[in-house]
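**Q** Please find the sequence and the predicted model below.
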Amino acid sequence: MSETLARPGPRVRPAVYGGAAAGLVLLALPFYLDRFWLQAGLFAMAAALGAIGINLLTGATGQLSMGHAFFLAVGAYGYCAFAGNGADGLAGLGLPGWLAAVLAVALAGLAGGVFSPIAGRLHGAYLGIATLALIFIGQHVLFNAHDLTGGYNGRAVPPLSLFGLTFDDSELLVAQVPFGAVEKLWYLGLALLLGGVLFARGVLRGRPGRAMNAIRDHRIAAGVMGIPVARHRAAVFVLSSMYAGLAGVLLALVFQRTVPEYFGMALSLEYLAMIVIGGLGSVAGAVAGGVFVSLLPQLLTRYSDALPLVSAPGTGGIAPGEAARYLYGAAVVAVVLFLPGGLARLAARTPRAPQTPTSTEPSGETR
């Protein structure tokens, strides 16, 4: 008599369960956390969005950019200009908030498109130096175009309205829990981050992603294979700029005020640190690096009284922001020396359970 093992049904990977559980936790957090933690999480979401954009450019295509903060500023101030009604004495078109956000992201992409011919022809350190000029140009405009940007003091950010819901501090009761601006923005940030992650993963796993990796690994060979190198570089630069613009819009909505000093060279360096720590070319690594670099200074500020050598700003000692730069600078060195793939490679090294065979052929043995 021959024996046949039944074919087992499809197995659900543990990562699916983990992702579903994490999603449920994230959806429930606004009901339990206070304003500080929700605001810190929103900053991390915005940082993750911007990190995904620069990782597409630097990690997947091999193009170094030092001007990422410029495109965040274009998104943030573009939203203020499109949505502002001029009541504060500054220029504004008074458009609906959702339309202003879309146009701000498009404006960041347009700014990237203007620069894309340069990005398509330069590579490596040469492109990094060229994009560095964007920071100086942007800072000059932000500080001096007072009628548009508000100058040194910045300008207030109009609240976003979407489907009849205004993302401001007007109280909204949800299951007897008062929802203010950060609680409402939390779900908007989750939706934007999820959409940004899925789109970037789709790009990297499709033909554009294979072309980007080929350009990164050997641009001359990519050109020989028929890949239009300059066109792909320019297109990725525009896409990266739009991600930065979206991150800038979310940052502006969370901050509720745009300040020119924030969008400086230090911010661009932080985004480079995010993708190195998280893992070059990995969407999940960009998210992890963005969360790490964004949350670290906020946590140090909150717990500065309990930490050695760290003191509150203006009281002497090492300020939390400065201490954070030391720590993630050390993290960059550690990743380069001991973990070249970043946090994404560390997650990939996690041992997996052995797989069981899905089916077997009849043995043909008789008893």
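**A** Great, that's in hand. Keep in mind that this is a model prediction, so the values were computed, not measured. Numbers count the residues shown, from 1 in each chain.
**Q** Give me the mean pLDDT for the helix or strand that contains residue 288.
**A** Element membership for residue 288 (DSSP states H and E) is helix 283-302. Averaged over helix 283-302, pLDDT sits at 90.
**Q** could you dump it to PDB, C-alpha only?
**A** Extracted in PDB, the C-alpha atoms of helix 283-302 (Å, rounded to 0.1, in the frame of the first residue of the first chain):
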ATOM      1  CA  VAL A 283      13.000  51.300   2.100                       C
ATOM      2  CA  ALA A 284      12.600  49.700   5.500                       C
ATOM      3  CA  GLY A 285      16.100  50.800   6.400                       C
ATOM      4  CA  ALA A 286      15.300  54.400   5.400                       C
ATOM      5  CA  VAL A 287      12.200  54.300   7.700                       C
ATOM      6  CA  ALA A 288      14.300  52.800  10.600                       C
ATOM      7  CA  GLY A 289      17.100  55.300  10.100                       C
ATOM      8  CA  GLY A 290      14.600  58.200  10.000                       C
ATOM      9  CA  VAL A 291      12.900  57.100  13.200                       C
ATOM     10  CA  PHE A 292      16.200  56.700  15.000                       C
ATOM     11  CA  VAL A 293      17.800  60.000  14.000                       C
ATOM     12  CA  SER A 294      14.500  61.900  14.500                       C
ATOM     13  CA  LEU A 295      13.600  60.500  17.900                       C
ATOM     14  CA  LEU A 296      17.100  60.600  19.500                       C
ATOM     15  CA  PRO A 297      17.300  64.400  20.100                       C
ATOM     16  CA  GLN A 298      13.700  64.500  21.300                       C
ATOM     17  CA  LEU A 299      14.200  61.700  23.800                       C
ATOM     18  CA  LEU A 300      17.500  63.300  25.100                       C
ATOM     19  CA  THR A 301      15.700  66.600  25.500                       C
ATOM     20  CA  ARG A 302      12.800  65.000  27.500                       C
END
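**Q** who does the next helix or strand after it touch, helix- and strand-wise?
**A** Later in the chain than helix 283-302, the nearest helix or strand by DSSP H and E is helix 320-338. The contact analysis (3 or more Cβ pairs under 8 Å, 6 or more residues apart in numbering; DSSP states H and E) places helix 320-338 against helix 265-278, helix 283-302. In this view, the C-beta of every residue, glycine as well, is placed from N, C-alpha and C.
**Q** and the longest one, which residues are buried?
**A** By that I understand helix 283-302. 283-298, 300-301 (16 or more other Cβ atoms under 10 Å).
**Q** For residue 189, which non-adjacent residue is spatially closest?
**A** Leaving aside its chain neighbours, residue 189 sits nearest to residue 45 (4.0 Å; criterion: Cβ to Cβ, 6 or more residues apart in numbering).
**Q** can you pull the contacts of the one you found?
**A** 189, 190, 192, 193, 250 (Cβ atoms under 8 Å, 6 or more residues apart in numbering).
**Q** Let me see the contact set for residue 107.
**A** 74, 75, 78, 245.
**Q** Closest one to residue 38 out of those residues, please.
**A** residue 75 (21.5 Å; Cβ to Cβ).
**Q** Find the helix or strand that that closest one is a member of.
**A** Judged by DSSP H and E, residue 75 forms part of helix 68-83.
**Q** Take that helix, keep the C-alpha atoms, and write them as PDB.
**A** Extracted in PDB, the C-alpha atoms of helix 68-83 (Å, rounded to 0.1, in the frame of the first residue of the first chain):
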ATOM      1  CA  HIS A  68      17.700  67.600   0.500                       C
ATOM      2  CA  ALA A  69      16.800  70.200   3.100                       C
ATOM      3  CA  PHE A  70      16.200  72.700   0.300                       C
ATOM      4  CA  PHE A  71      13.300  70.600  -1.100                       C
ATOM      5  CA  LEU A  72      11.800  70.100   2.300                       C
ATOM      6  CA  ALA A  73      11.800  73.900   2.600                       C
ATOM      7  CA  VAL A  74      10.100  74.200  -0.800                       C
ATOM      8  CA  GLY A  75       7.400  71.800   0.400                       C
ATOM      9  CA  ALA A  76       6.800  73.500   3.700                       C
ATOM     10  CA  TYR A  77       6.900  77.100   2.500                       C
ATOM     11  CA  GLY A  78       5.000  76.200  -0.700                       C
ATOM     12  CA  TYR A  79       2.200  74.900   1.400                       C
ATOM     13  CA  CYS A  80       2.100  78.100   3.500                       C
ATOM     14  CA  ALA A  81       2.100  80.200   0.400                       C
ATOM     15  CA  PHE A  82      -0.700  78.300  -1.400                       C
ATOM     16  CA  ALA A  83      -2.900  77.900   1.700                       C
END
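**Q** could you point out which element follows that helix?
**A** helix 97-121.
**Q** The strand or helix carrying the residue nearest to residue 189 versus helix 265-278: what angle between them?
**A** Assessed by DSSP H and E, residue 45 sits inside helix 35-54. Computed by axes from the mean of the first three to the mean of the last three Cα atoms, to 10 degrees, the angle separating helix 35-54 from helix 265-278 equals 80 degrees.
**Q** tell me the mean pLDDT for helix 35-54?
**A** pLDDT averaged over helix 35-54 gives 94.
**Q** Any buried residues in it, and which?
**A** Quick answer for helix 35-54 (16+ other Cβ under 10 Å): 37-54.
**Q** swap in stretch 308-327?
**A** 310, 311, 318, 319, 320, 323, 324, 325.
**Q** gap between that stretch and the chain center?
**A** 25 Å (Cα atoms, centre = their mean, to the nearest Å).
**Q** Thank you, goodbye.
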